[in-house]
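Chemist: Attaching a predicted model along with its sequence, questions to come.
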Amino acid sequence: MRRSERKKMSPDLGILSGRMLFAFQREMFSALAEQGHPDLRPRHGAVLAYLDEEGTRATDLSARSGQHKQVIGTLVDELTALGYVERRPDPADRRAKLVVPTERGLDEMRRSDAIAAEIERRQAEKVGEETFAHFKEVFRRLTDT
């Protein structure tokens with residue numbers, strides 16, 4: 001049996017994780033586009049998904065998302081140009097900068113939280129609330145680093 005045939009029959013964790021991620025991203029960014037945020041792309045999630053409302057240092061965004069600082073810097077530049085975030089001095093350390101969501105960024109954050117909750121609600125409905133809660137806990141434990 002060819003490897004590709006085996007993978008179709010019993011996909012490994014990497015394939016399943018990728019399928020789940022890509023399906024989630026497709027739905028998330030399609031819904032965001034319909035709700036007034038058509039300029040966002042999945043790569044922007046490396047910043048927006050980990051951004052605190054009061055602001056977050058780029059180094060913390062890098063650590064939380066697993067992306068290199070240079071990648072985060074590029075994404076912050078893009079999101080600044082699109083009007084989602086701005087850089088401000090960190091009141092705790094004037095040498096550092098915080099990435100802070102603008103009103104447009106806060107709107108996106110609220111909408112994406114609601115979209116994610118709806119996606120999860122539908123997934124839980126498919127397999128049962130208890131099974132889904134257990135799945136999320138196991139998945140979280142497997143991905144905690």
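Modeler: That came in fine, so what should we check first?
Chemist: what's the burial count for Gln67?
Modeler: 18 (other C-beta atoms under 10 Å). In this view, the C-beta of every residue, glycine as well, is placed from N, C-alpha and C.
Chemist: Which pLDDT value belongs to it?
Modeler: We have a pLDDT of 96 for Gln67.
Chemist: for Glu5, same thing?
Modeler: If you check Glu5, the pLDDT there is 66.
Chemist: now swap in Arg95 and tell me
Modeler: Looking at Arg95, its pLDDT is 88.
Chemist: Phi first, then psi, for it.
Modeler: Note on Arg95: its backbone torsions stand at phi -80, psi -20 [degrees, to the nearest 10].
Chemist: so who does it touch?
Modeler: With contact set as C-beta atoms under 8 Å, 6 or more residues apart in numbering, Arg95 has no partners.
Chemist: From Pro101, how far off is it?
Modeler: 22 Å (C-beta to C-beta, to the nearest Å).
Chemist: Over to Glu118?
Modeler: Distance from Glu118 to Pro101, by C-beta to C-beta: 21 Å.
Chemist: before we move on, what about Pro38?
Modeler: Taking C-beta to C-beta, one finds Pro38 at 18 Å from Pro101.
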